[in-house]
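Trainee: Fold the following for me, if possible:
(2 chains)
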Amino acid sequence: MTAAQPIAPKALAIVNARLLDPASDYDGPGAVLIANGRIVEVIHGQATQRPEGVQIIDAEGRCLAPGLIDIRVKTGEPGNEPKETLKSASLSAAAGGVTTIVVQPDTDPAIDDPAMIDHIQRRGAALDLVHVRAAGAATQARDGERMAEIGLMHEAGALYFTDGDRVIRNTRTLQRVMSYAASFNALIACRPTEPWLSEGAVATSGELATRLGLSGAPAIAERIQLERDLALVEQTGARFLIDQISTEGALETLARARARGLEVAASASINHLCFNEIDIGDYRTFYRLDPPLRAESDRQALVEAVRDGLIDVITSAHCPEPAENKRRPFAEAQPGAVGLETLLPAALTLHHEYGVDLLDVLRPMTQGPAALLGLEAGELSQGAPADLVLFDAGAPVVIDAATLRSKSKNSPFDGRRLQGKVLLTVVSGRIVHDAR
Amino acid sequence: MTQAAPVTELIQERLTPFPRDHFLAAGDLNPPAALALLDLADAFVDFNRQSAKGVDLMRGQTVVNLFFENSTRTSSSFEIAAKRLGADVVTMPVASSSVKKGETLIDTAVTLNAMKPEILVVRHASSGAVDLLSQKVGCAVVNAGDGRHEHPTQALLDLLSIRRAFGDVGGLTVAICGDIAHSRVARSNVALLQMMGARVRLIGPPTLVPGDADRWGCEVFHDMKEGLAGCDVVMMLRLQLERMAGALIPSTREYFRFWGLDREKLAWAAPNAKVMHPGPMNRGVEIDSDVADDLSVSLIQDQVEMGVAARMAVLAALAHRRAGGAA
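Mentor: Model (predicted):
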């Protein structure tokens, strides 16, 4: 016998919970039994007896759901570690009930080859906190011109391909990327932002941006670019994700495309579901986001799109920026906000304030992204990986950016009162965060 | 150094504390405060026309002119205003100093703050930058132009020029013409003129007028003939050629043909209409020299003179507030 035999995680039972499983549409009392990193049994209804010989956690009626999957997470690693490392991002994720993160390719250097995909996944696995996966760049160095090694990265485990916040301006390049990726059934994600209308913009065009003297891009810039992208999807047959949809006009375009049978997915950031352009009123750079915050009517349309299932994925759009990049005049500040730790309580405002069903709030953060990326996760079912989050949906919390685990503290939720507290995060059957 | 003249009774009488800690936007004023400043500025105009122009209202105090964006005209105007009030003035063209070496705006502010000036006069290319700075320092901050956001002392001096030409501002129709979209002068003037009861029209090509400008409570015109009809004041704006990226108007000659002010277009305004321009002018682009140099219609030189008086009024009122003084 060798000295270091791996020890199987101890069997664990979470009982007396309110199970919330969007995959099976179950919202009711139940218990989950876990062993060897997987869910061994899901019991619906009140369990009459408690299993013996296992660690038992009494949920006391709190919500137990599949761990959240966040498909849009920026880290500073590699290249800009003072912003965020994979470790600080993973700790932040664990504290937020996020059990899988997908790292964006806009690192330095960009994640644009199979070795980089492998590197991120290995580093993430070594941390042994949450599942760390990566998206690959669609073009080399995200230059928007030369196609990246989509096939090799796909093979290495890249979950999808995107140039991140950079728009592939060259329509011919995007057409080739889509058409090439289709042969690997690889998913391409693009930000719908018409680059010329949006050039230099730091806000959404409108009365407020004009009054504040800020350069604005019209909301229609999103729809115009989306129309282009969807036309290419139709032509190439690519699998496509509309990354960070944020306007009512673009949602209408999406609904029309779906109605005529186009299979495209769409994601929205939690920030655009919670804030509107008025929030930038005091030039507060924590609200300097990309895409910029939109009108209240756009925000409401997004909330409705979550309610009726038009939005497949809600992301934290986690984008750490240190103080020196944020403590600047609004237009000069770096856009972006951290969000891994606040994702769940922020998303729960859709339930508390707008009456969106809890399963419909959780679906785009669990089953939705899992189905889109082909991940074996996002559901409470026998045999599924034991990635779980236990939370108190009604517990009041006041967000204090200073206490966030991310290395950067740029949270627009700083000081906000929200409802929803993550109590326990379980990854592969192991407790990685316990705030009970 | 010339000896300080005694503060006249009139100035003393009209000196009231500024309503806020800083002067960042036209909206920091209210009608009584704006009127008080105009009255004080009026007193300074007369004072400035005498040979001994220095008073010691701000003796021993330090005013720092912090210009992150070059502007000889505004910077000199503030410098002269502060010096005439007896303050020690330091003018720092930061556009070419340590800020270029990576120091942030806030670092600069904190450093300057440690030198304990009483008033910082700041110009910056970014909207909101002056506001941000005001939150980090202990002294009073005057906005000398931030991005395309506000230039409140310009609006005040414009108001002073108009009031001296017409006796009152209320009831006048003022047309602001040209590059409204990029103009901080327009934003401050719209707010202040409306506050004082003037009707404001905005005139310019659709590419240079924000699409929602009609929500500012102004009438918007794209045609000079319609827009100028019956106007008492025609305020021309500098065409910010450097900010247009060459695409907002086809050419300067076409612009002049349709929106440049010449005798013919001026004739569409009210019979005794006055012409204004914040300077520096692009002659032959937004304004014809023939109009600009005609002292019977042009207030442009007055505006420069009023600039010093208006800024003296603002600095004196801010200093008065800091001293906690009653009038």
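Trainee: neighbours of residue 127, just the number please.
Mentor: If you meant another chain, say so; for now it's chain A. 17 (other CB atoms under 10 Å in any protein chain shown). No exception for glycine: its C-beta is placed from N, CA and C like everyone else's.
Trainee: switch to chain B, that's the one I care about
Mentor: There are 26 residues near B:S127, going by other CB under 10 Å.
Trainee: how close does it get to A:A209?
Mentor: According to CB to CB, to the nearest Å, B:S127 and A:A209 sit 9 Å apart.
Trainee: try B:R20
Mentor: With CB to CB as the criterion, B:R20 and A:A209 are 24 Å apart.
Trainee: out of those two, which sits in the more crowded spot?
Mentor: Just comparing B:R20 and A:A209: by other CB under 10 Å the higher neighbour count belongs to A:A209, 22 against 16.
Trainee: How about the contacts made by the more buried one?
Mentor: A:A209 is in contact with A:203, A:215-216, A:277, counting by CB atoms under 8 Å, 6 or more residues apart in numbering or on different chains.
Trainee: residue ranges for the helices of chain B, please.
Mentor: B:9-14, B:31-48, B:72-84, B:105-114, B:129-134, B:152-166, B:184-195, B:224-228, B:252-259, B:263-266, B:289-292, B:300-322 (DSSP state H).
Trainee: which strands and helices sit next to the fourth one?
Mentor: If I follow you right, that is helix B:105-114. strand B:62-67, strand B:119-124, helix B:129-134 (3 or more CB pairs under 8 Å, 6 or more residues apart in numbering or on different chains; DSSP states H and E).
Trainee: any idea of the mean pLDDT in the last one?
Mentor: It refers to helix B:129-134. Across helix B:129-134, pLDDT averages out at 93.
Trainee: ok, now the first one?
Mentor: If you average the pLDDT over strand B:62-67, you get 94.
Trainee: Look through the stretch 1-150 of chain B and state the residue closest to chain A.
Mentor: Distances between the stretch 1-150 of chain B and chain A by CB to the nearest CB are smallest at B:H149, namely 3.1 Å.
Trainee: Am I right that that residue is in contact with A:L212?
Mentor: Yes. The criterion here is CB atoms under 8 Å, and B:H149 meets it with A:L212 at 6.2 Å.
Trainee: Name the residues contacting each of the two.
Mentor: Both B:H149 and A:L212 are contacted by B:127-128, under the criterion CB under 8 Å, 6+ apart.
Trainee: do the longest helix belonging to chain A and chain B meet?
Mentor: Ranked by residue count under DSSP H, the longest helix found in chain A is helix A:220-236. No. Contact of helix A:220-236 with chain B (CB under 8 Å from any CB of the partner chain) is absent, the minimum separation being 11.3 Å.
Trainee: Now do the buried residues in the helix or strand A:Q419 falls within.
Mentor: Here A:Q419 sits within strand A:417-427, counting by DSSP states H and E. Residues of strand A:417-427 classed as buried by neighbour count (16 or more other CB atoms under 10 Å in any protein chain shown): A:418-427.
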